[in-house]
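Trainee: have a look at this prediction, sequence included:
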Amino acid sequence: MPKLTGVGAATSVGAATVTLRAYYSSYHLWAAKHFAQLADGIEAAHSGGPRFDIEHRTLITSSVLSSVAFLDAAVNELFQDAADGHESYIAPLSSAAREALAAFWEIAEERRLATLDKYQMGLVVTGHRRMEKGKQPFQDAALLVRVRNELVHYHPQSLKSDEPEDLAKKLRSKFPLNRLMEQTGNPFFPDKCLGSGCALWGVQSSATFADAFFGTLGLQPNYQRVSF
């Protein structure tokens, strides 16, 4: 298993005290990639007829959850660094931008804003235009969050194999379907959707979205500096 290094910022205080500021976005992104790769290995080794594999399903679910957790942690870290005056990664921002992020964070923490809304407001308060919701990379990030929500707030329902599903319409062309469920009459979600293609797409979509956001701000956050 590859080692994850460089996930915090250390600061020396006085002669003997060292504080470490952990950035958990890096752990979440690593986990999302790792789970997706393990699931892909299961699919690659599969032969014969379709089958349900609880380990495979768990890996896919964990990857999707970790991809969205990465998105939330990454933007929270930005706001918290600004609120705490910790400039290790946000020093390139103007003092006005850092103050605006910190002021907004006092309000946002209490209101529990949705993850992608925090990204949009991060752009607005620093003087940038919001991402367009109907275009990439916002579109795929929003779809990923929706898949996560379907899993976290799952309600079982009886579906016919040919029944059109709104989520299926949006996702079918995004990634290869679950190879363990090829040539079955199972509904798209969850059986055909939740394969390594979905998980790897989720990893890429979350990283692309975060990269675009931090690129607009002119920042290189912790997750971009670690060794995966």
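Mentor: That came through fine.

Trainee: elements contacting the helix or strand containing residue 140?
Mentor: Assigned by DSSP states H and E, residue 140 falls within helix 138-152. Judged by 3 or more CB pairs under 8 Å, 6 or more residues apart in numbering; DSSP states H and E, helix 138-152 is in contact with helix 54-84, helix 115-125, helix 166-171, helix 196-217. Where C-beta positions appear, they are placed from N, C-alpha and C, glycine not excepted.

Trainee: compare those helices and say which comes out lowest on pLDDT.
Mentor: Of all these, the minimum mean pLDDT falls on helix 166-171 (a mean of 89).

Trainee: give me the residues contacting that helix.
Mentor: 143, 146, 147, 150, 187, 188, 189, 193, 198 (CB atoms under 8 Å, 6 or more residues apart in numbering).

Trainee: that one: which residues count as buried?
Mentor: residue 171 (16 or more other CB atoms under 10 Å).

Trainee: how about stretch 201-221?
Mentor: Under 16+ other CB under 10 Å, the buried positions of stretch 201-221 are 201-207, 209-211, 213-214, 217, 219, 221.

Trainee: that older thread, adding distance to residue 95, write the helices and strands packed on helix 138-152 out as a markdown table.
Mentor: Listed next are the helices and strands packed on helix 138-152 as a markdown table, based on distance: least, CB to CB, whole Å:
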| stretch | distance to residue 95 |
| --- | --- |
| helix 54-84 | 10 |
| helix 115-125 | 13 |
| helix 166-171 | 42 |
| helix 196-217 | 14 |
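
Trainee: among those helices, which is nearest residue 92?
Mentor: helix 196-217 (8.0 Å; CB to CB).

Trainee: these two touch, right, residue 209 and residue 143?
Mentor: No - in this structure residue 209 lies outside contact range of residue 143 using CB atoms under 8 Å: 10.8 Å.

Trainee: what's the closest of the contacts of helix 166-171 to residue 112?
Mentor: Nearest to residue 112 among these, with distances taken as CB to CB, is residue 146, at 18.2 Å.

Trainee: so how far is stretch 92-109 from its chain's centroid?
Mentor: Its chain's C-alpha centre and that of stretch 92-109 lie 22 Å apart, by CA atoms, centre = their mean, to the nearest Å.

Trainee: what residues of that stretch count as buried?
Mentor: Neighbour-count burial for stretch 92-109, counted by 16+ other CB under 10 Å, picks out 93, 97, 98, 100, 101, 102, 104, 105, 108.

Trainee: quick check, the first one in a helix?
Mentor: No - with DSSP: H, G, I helix; E, B strand; the rest coil as the criterion, residue 93 is coil rather than part of a helix.

Trainee: residue 127 versus that one, what's the distance?
Mentor: Using CB to CB, to the nearest Å, one obtains 10 Å as the distance from residue 93 to residue 127.

Trainee: if we can go back for a sec, filter the contacts of helix 166-171 down to just the buried residues.
Mentor: Of these, these count as buried by 16+ other CB under 10 Å: 143, 147, 150, 187, 188, 189, 193, 198.

Trainee: list phi and psi for residue 221.
Mentor: Dihedral pair for residue 221: phi -70, psi 170, per degrees, to the nearest 10.

Trainee: roughly how far does residue 156 sit from residue 192?
Mentor: Where residue 192 is concerned, residue 156 sits at a distance of 16 Å (CB to CB).

Trainee: looking at these two, which has the bigger crowd around it?
Mentor: residue 192 (23 against 6; other CB atoms under 10 Å).
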